[in-house]
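Undergrad: Sequence and predicted structure are below.
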Amino acid sequence: MKIFYCIKELIPKTSLNRRVGKALRRTALLRVVFDDGLEGFANLHPNPERLGTTLEQELALLSKGNPSVQATQSLKLARWDAEARAAGKSLWEGVEIPPCHYLVTEFSERSLLEIENALRRGFRKFKIKTGRNLQEEIRLLNQLAETVCKGSQTLRPDFNQALSREDLKTFVQGASSQLVSAIDFVEDPTADRPEVWNEIGAQTLCKGSQTPCGGLQTLCKGSQIPWAWDQHSERVGAGDYGFSAVVVKPAIQDAEAVTSRCLALTGHLNLQIVFTSYMDHPVGQMGAAYIAAKFYKEHPEKRTECGLMSQDIFEPTPYSEVLQTNGCFLLHPQGLGIGFGDLLKKEDWKKLQ
């Protein structure tokens, strides 16, 4: 197997989340020539703030034949792409990308108008990166619940483990009954496991009750807040509880293994399985979209809005300009394999030694 790479830079339009800020992102496109002569493409996009490895470290491991979990997923995507190109087919034949939620990376007063505009374009679920200014975020979320969330329109706040346990109690206490009802799920509020979020949420909501709630759904404000498990969701197991959604990032996780574990959980029949991009290059973004489309084709009852429309959080590039959308739907690029054929051919590829 021979591997070639091309370094790209992504410039965020806003702060991406509380950890990353507005820092430049470096990523590597991969061109993989397999031992049987097939050639495929993928993306490798380390996030040092999350996994602790830099792009140089990931490429060094790959060059030594000791790829990380993330690089292994990139090679898997490159192989699928290679097989489709060799067969003269698009990777998208027979699969459909699921609808997407709308992503707000920098939550502020001006986000309210942004979300209202997205609502008119057909988005129904709104993922909001929170965890910077808790009291202001509670106020804005309560306002959104009153003005935007009607029926199927729901919110997905994502704290990226920013909160302490006391902060989590503050959030639950400050959430209006309308907000509790409008939440699709709250993602990774603290660094604890989901059962802790569930217990803190239930105890806080029922703090005035004379009867312990025991985690029941009929609580003081009407319902328990749903939680979503993202960070290290590959560790989900039979004994885990307290969550209603699992977030899967195909760029850094063995998505097939994670989803198999989720489907095997007893007592989690209504568990949402939500795929998201890694806020990476459009080639990696479309890799995540393909895995999501493939999963929902096999499990249509699990189909839900995913976090696959992340190209607009960065300044435009030739690759992002190829991508088209129709409301909350991301349209796949044309061409063989995963697409982007003309752009990939023009790159200045360097051989990975």
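TA: Done, it's in.

Undergrad: Quick one: residues in contact with stretch 247-259.
TA: Under the contact criterion CB atoms under 8 Å, 6 or more residues apart in numbering, stretch 247-259 has outside partners 43, 45, 47, 50-51, 69-70, 72-74, 77, 187, 228-230, 233-234, 236, 246, 273-278, 280, 284, 287-288, 291-292, 295, 299, 307. Where you see a C-beta, it was placed from the backbone N, CA and C, and this is true even at glycine.

Undergrad: Of all the residues in it, which ones are buried?
TA: Using 16 or more other CB atoms under 10 Å as the burial criterion, the residues of stretch 247-259 that qualify are 247-253, 255, 258-259.

Undergrad: Of the contacts of stretch 247-259, grab the buried ones for PyMOL.
TA: The PyMOL selection below is limited to those of the contacts of stretch 247-259 classed as buried (16+ other CB under 10 Å):
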select buried, resi 43+45+47+70+73+74+77+187+228+229+230+233+234+236+246+273+274+275+276+277+278+280+284+287+288+291+292+295+307
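
Undergrad: What about the contacts of stretch 247-259, which are in helices?
TA: 50-51, 69-70, 72-74, 77, 284, 287-288, 291-292, 295 (DSSP state H).

Undergrad: list the contacts for residue 78?
TA: 30, 32, 40-42.

Undergrad: Next, the distance between the ends of stretch 123-135.
TA: Start and end residues of stretch 123-135 are separated by 26 Å (CA to CA, to the nearest Å).

Undergrad: Give me the distance between it and the centre of its chain.
TA: 14 Å (CA atoms, centre = their mean, to the nearest Å).

Undergrad: Buried residues, it. List them.
TA: Applying 16+ other CB under 10 Å to stretch 123-135 flags 123-132, 134 as buried.

Undergrad: cool, stretch 299-306 as well?
TA: 302-306.

Undergrad: Just the CA atoms of it, as PDB, please.
TA: Output of stretch 299-306 as PDB, limited to C-alpha atoms (Å, rounded to 0.1, in the frame of the first residue of the first chain):
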ATOM      1  CA  HIS A 299     -32.200   0.600   9.900                       C
ATOM      2  CA  PRO A 300     -34.700   3.000   8.500                       C
ATOM      3  CA  GLU A 301     -36.600   3.100  11.800                       C
ATOM      4  CA  LYS A 302     -33.600   4.900  13.400                       C
ATOM      5  CA  ARG A 303     -33.400   7.600  10.800                       C
ATOM      6  CA  THR A 304     -33.100  11.100  12.400                       C
ATOM      7  CA  GLU A 305     -31.600  14.500  11.800                       C
ATOM      8  CA  CYS A 306     -27.800  14.300  11.900                       C
END
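
Undergrad: which residue ranges form the strands in the stretch 251-353 of the chain?
TA: 272-275, 324-326, 329-331, 350-351 (DSSP state E, counting those that start in this stretch).

Undergrad: Contacts for the shortest one next, please.
TA: Right, the one you point to is strand 350-351. 2-6.

Undergrad: between the buried residues of stretch 247-259, which is closest to residue 60?
TA: Using CB to CB, residue 252 is the member of the buried residues of stretch 247-259 that lies nearest residue 60, at 17.6 Å.

Undergrad: which stretches of the stretch 101-250 of the chain have low pLDDT?
TA: 206-223 (pLDDT under 70).

Undergrad: can you tell which of the strands of the stretch 251-353 of the chain is closest to residue 191?
TA: The nearest among these, by CB to CB, is strand 272-275 at 20.1 Å.

Undergrad: Dump that closest one to PDB, restricted to CA.
TA: Taking Å, rounded to 0.1, in the frame of the first residue of the first chain, the C-alpha atoms of strand 272-275 are listed here in PDB:
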ATOM      1  CA  GLN A 272     -31.500   7.900  18.900                       C
ATOM      2  CA  ILE A 273     -28.300   7.100  17.000                       C
ATOM      3  CA  VAL A 274     -27.100  10.400  15.500                       C
ATOM      4  CA  PHE A 275     -24.100  10.700  13.200                       C
END
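
Undergrad: give me phi/psi at the closest residue in space to residue 106 that isn't next to it in sequence?
TA: Spatial nearest neighbour of residue 106, chain neighbours left out: residue 14 (4.0 Å); criterion: CB to CB, 6 or more residues apart in numbering. As for residue 14, its main-chain torsions (degrees, to the nearest 10) stand at phi -140, psi 180.

Undergrad: OK, contacts around residue 14?
TA: 22, 105-106, 313.

Undergrad: Just the ones of the buried residues of stretch 299-306 in helices?
TA: The members of the buried residues of stretch 299-306 all map outside helices under DSSP H.

Undergrad: Would you point out the most distant pair within these?
TA: 302 and 305 (11.8 Å).

Undergrad: Could you say which helix or strand holds residue 190?
TA: For residue 190, there is no helix or strand it lies in under DSSP states H and E.

Undergrad: Nearest to residue 169 among the ones in helices among the contacts of stretch 247-259?
TA: residue 50 (25.9 Å).

Undergrad: The nearest residue to residue 191 once chain neighbours are set aside: neighbour count?
TA: Residue nearest to residue 191 in three dimensions, not counting chain neighbours: residue 161, with 4.6 Å by CB to CB, 6+ apart. Residues near residue 161, counting by other CB atoms under 10 Å, number 16.

Undergrad: Name the helix or strand for residue 161, please.
TA: Per DSSP H and E, there is no helix or strand for residue 161.
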